[in-house]
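Engineer: What follows is a predicted protein model with its sequence.
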Amino acid sequence: MKKIGREIKKDEQYLRREDFYKNLIRKLNAIKVKIEEGGGEKAIEKQHAKGKLTARERIELLIDKGTDFIELNSFAAYGMYKEYGGAPSAGTVFGIGKINGRDFIIVANDATVKAGAWFPITAKKNLRAQEIAMENKLPVIYLVDSAGVFLPMQEDIFPDKEHFGRIFRNNARMSAEGIPQIAAIMGPCVAGGAYLPIMSDEALIVKGTGSVFLAGSHLVKAAIGEVIDNEDLGGAVVQSNISGVTDYIAENDEQCLQEIRGLTDKLGNFPKAGFDRCEPHPPKFDSKEIYGILPEDTIQQYDTYELLARIVDDSELNEYKAGYGKTVITAYARIDGWAVGIVANQRNIVRTEKGEMQIGGVLYSDSADKAARFIMNCNQKKIPLVFFQDVTGFMVGSKAEHGGIIKDGAKMVNAVANSVVPKITVIVGNSFGAGNYAMCGKAYDPRFIYAYPNAKISVMGGNQASNVLLDIKLKQIQKEGKEFSEEEKKELLQKIQSSYEEKSSALYAAAHLWVDEIIDPAETRKYISKSIEFTNNNPHIPQFKTGVIQT
């Protein structure tokens, strides 16, 4: 075992970095508080006046007292749909919580946001919830309270493969795979949305507030001339005692949630994957020191071993090929007792045995080759993989090309793509270009993917991209016979840089669901530990195969 980390000197640089990171976290927490208000105070009062709890109040009553609800995609739709007044958290709250000591995916419509209507990103968020349920064999609770598809954007929600209808397809597939699903109709449930609770294994409905039908009373009148109110059309008594569509009636939200707890208490035991876990030991260094280790500017260098020393148990690693391919750290370790394989970009400038300097955060042929083989070893040993991304891409230039960088990069990408053990990704700083792919970005099926508040995700760094975009723009202008002054060029560059930086930020990524959540670096251990606990619920690990790899 290799002990890592050292006592950090709390000098001016450390304190400046610490303040920067704490301010970032404070700003994010303030945004989150606003998001959790949903449609606002008046909308919440309106919900309460109907005798209904809000989505988050329902979840709080449903989960075991004193336990955490691991909310995911909480920043979904942030800054989006401004022309419609926004859609905080995409009008849906989703995460993983314990009910009777067992982990459940919980998805709750937030009826304070446009009556719980579905925006395009709402569908994507719900599909992500189902994807996590299927990958990790986690049972699901749906708390339904929705007016259905947001009609002004129906063409972006309804017809395509990854749109609204895919959710009902997943209901059927999950049931066939033996993943329990329970739905509670706690408000309106209209049109195609009616299939979600009824395609679940069991459905509850709340008297007086819950209703489910393919067409509401207004549409029924327009379509066939029948005059009827919603309660007589598809209320709790009708759908439970006459049609037999729903299985249980509850008098109110509270009773409904208690009924769900009673039903889930009877679930049998399911096999586990059996990932190795022993008694956890905290790191030797305070995890909050991560704030002072990470630089304000993500291009600046730092020592990744110091980051890991504040995350892994006892601040120790079994490092694989420690002296080879030094811009990637590959090591076995434990995080909160769980055995893990770590693949982390080393952000310090390093020197090879030949005395050559390699830039930190860049993937070279030797580091890609090392990482690929380590990933294969973890699959052979049934050890979950944790990727710590802070990568600016693969090395470029004639020396790298002549050395086969594309071949070695492809080898690493192949290993990541075909890996069958759970992969968990933490984007620490930069996540640029093909480095995002090789270090298990969203396209490579991490079971969970998190980002630190200062993370950047883009095809290339902001400075390089902005100058390329400026050059393209200037050439277009020159073709039109126009010229820009130096001052105008500076203004245009600043505008391009601002736009590019915003769209590569962690907040933008979280809004578009490129990451599952932005996390406090001091809570990295908790999120990784919980993630492995969730993945342990799926006992099936396929045989590892890599296909054709150039050597």
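Structural biologist: Sure, I can see it. Keep in mind that this is a model prediction, so the values were computed, not measured.

Engineer: residue ranges for the strands of the stretch 451-551 of the chain, please.
Structural biologist: 456-458, 517-518 (DSSP state E, counting those that start in this stretch).

Engineer: try the stretch 251-400 of the chain
Structural biologist: Under DSSP E, counting those that start in this stretch, the stretch 251-400 of the chain gives strands at 316-319, 328-335, 338-345, 350-351, 357-358, 362-363, 385-391, 393-394.

Engineer: out of those strands, deepest packed?
Structural biologist: strand 385-391 (a mean of 27; mean count of other Cβ atoms under 10 Å). (Each C-beta comes from the backbone N, C-alpha and C, glycine too.)

Engineer: For that one, what does the pLDDT average out to?
Structural biologist: When pLDDT is averaged over strand 385-391, the result is 98.

Engineer: between the strands of the stretch 251-400 of the chain, which gets nearest to residue 543?
Structural biologist: strand 385-391 (16.7 Å; Cβ to Cβ).

Engineer: Which elements pack onto that closest one?
Structural biologist: For strand 385-391, the elements it packs on are helix 304-308, strand 338-345, strand 423-432, helix 433-438, judged by 3 or more Cβ pairs under 8 Å, 6 or more residues apart in numbering; DSSP states H and E.

Engineer: quick one: residue 181 and residue 139 touch, right?
Structural biologist: Yes. Look at residue 181 against residue 139 with Cβ atoms under 8 Å: they come within range, at 7.0 Å.

Engineer: Measure how buried the nearest residue to residue 245 once chain neighbours are set aside is and give me the count.
Structural biologist: Using Cβ to Cβ, 6 or more residues apart in numbering and skipping the chain neighbours, the partner closest in space to residue 245 is residue 239 (4.3 Å). By other Cβ atoms under 10 Å, 25 other residues sit near residue 239.

Engineer: Show the end-to-end separation of stretch 319-331, please.
Structural biologist: From its first residue to its last, stretch 319-331 covers 4 Å (Cα to Cα, to the nearest Å).

Engineer: meant to ask about stretch 266-273
Structural biologist: 22 Å.

Engineer: Going by neighbour count, list what's buried in that stretch.
Structural biologist: Going by neighbour count (16 or more other Cβ atoms under 10 Å), the buried part of stretch 266-273 is residue 273.

Engineer: next one: phi and psi at residue 149?
Structural biologist: phi -60, psi 140 (degrees, to the nearest 10).

Engineer: How about the contacts made by the closest residue to residue 290 other than its chain neighbours?
Structural biologist: Once flanking residues are discounted, residue 290 sits nearest to residue 521: 4.2 Å by Cβ to Cβ, 6+ apart. Going by Cβ atoms under 8 Å, 6 or more residues apart in numbering, residue 521 touches 21, 287, 290, 291, 294, 428, 452, 453.

Engineer: Separate out the buried members of those.
Structural biologist: So, by 16+ other Cβ under 10 Å, the buried ones in these are 21, 287, 290, 291, 294, 428, 452, 453.

Engineer: could those go into CSV alongside distance to residue 337 and pLDDT?
Structural biologist: CSV is the format used below for the buried ones among the contacts of residue 521 (distance: Cβ to Cβ, whole Å; pLDDT from 0 to 100):
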residue, distance to residue 337, pLDDT
21, 27, 97
287, 16, 98
290, 20, 98
291, 25, 98
294, 25, 97
428, 22, 98
452, 23, 98
453, 27, 97
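
Engineer: Looking at those residues, which two lie furthest apart in space?
Structural biologist: Applying Cβ to Cβ across those, the maximum distance is between 287 and 453, 15.0 Å.

Engineer: now the closest residue to residue 374 other than its chain neighbours: how far from residue 319?
Structural biologist: Distances taken as Cβ to Cβ, 6+ apart place residue 330 nearest to residue 374, at 3.9 Å, with adjacent residues excluded. Separation of residue 330 from residue 319 (Cβ to Cβ, to the nearest Å) stands at 7 Å.

Engineer: Over to residue 446?
Structural biologist: From residue 446 over to residue 319 (counting by Cβ to Cβ), the distance is 23 Å.

Engineer: returning to what we had before: the residue nearest to residue 245 and residue 248 touch, don't they?
Structural biologist: No. Applying Cβ under 8 Å, one finds residue 239 not in contact with residue 248, separated by 10.9 Å.

Engineer: shared neighbours of the two, anything?
Structural biologist: Going by Cβ under 8 Å, 6+ apart, residues that sit against residue 239 and also against residue 248 are residue 205.

Engineer: Residue 107 bridge partners, please.
Structural biologist: Per DSSP bridges, the residues bridged to residue 107 are residue 94, residue 142.

Engineer: For burial, what's the neighbour tally of it?
Structural biologist: Residue 107, neighbours per other Cβ under 10 Å, totals 24.

Engineer: roughly how far apart are it and residue 143?
Structural biologist: Taken as Cβ to Cβ, the span from residue 107 to residue 143 is 7 Å.

Engineer: cool, residue 446 as well?
Structural biologist: Distance from residue 446 to residue 143, by Cβ to Cβ: 27 Å.

Engineer: likewise residue 221?
Structural biologist: Residue 221 is 30 Å from residue 143, by Cβ to Cβ.

Engineer: quick one, which of those two is more surrounded?
Structural biologist: Of the pair residue 221 and residue 143, residue 143 is the one with more neighbours under other Cβ under 10 Å, namely 29 against 13.

Engineer: how near is the more buried one to residue 202?
Structural biologist: 14 Å.

Engineer: One more: residue 502?
Structural biologist: 45 Å.

Engineer: The two: which has the busier surroundings?
Structural biologist: residue 202 (16 against 12).

Engineer: Angles on the backbone of the more buried one, please.
Structural biologist: phi -140, psi 150.

Engineer: Same check on residue 129?
Structural biologist: phi -60, psi -40.

Engineer: How about it, nearest residue that isn't a chain neighbour?
Structural biologist: residue 94 (4.6 Å).

Engineer: give the contact list for residue 526.
Structural biologist: Residue 526 touches residue 336, counting by Cβ under 8 Å, 6+ apart.
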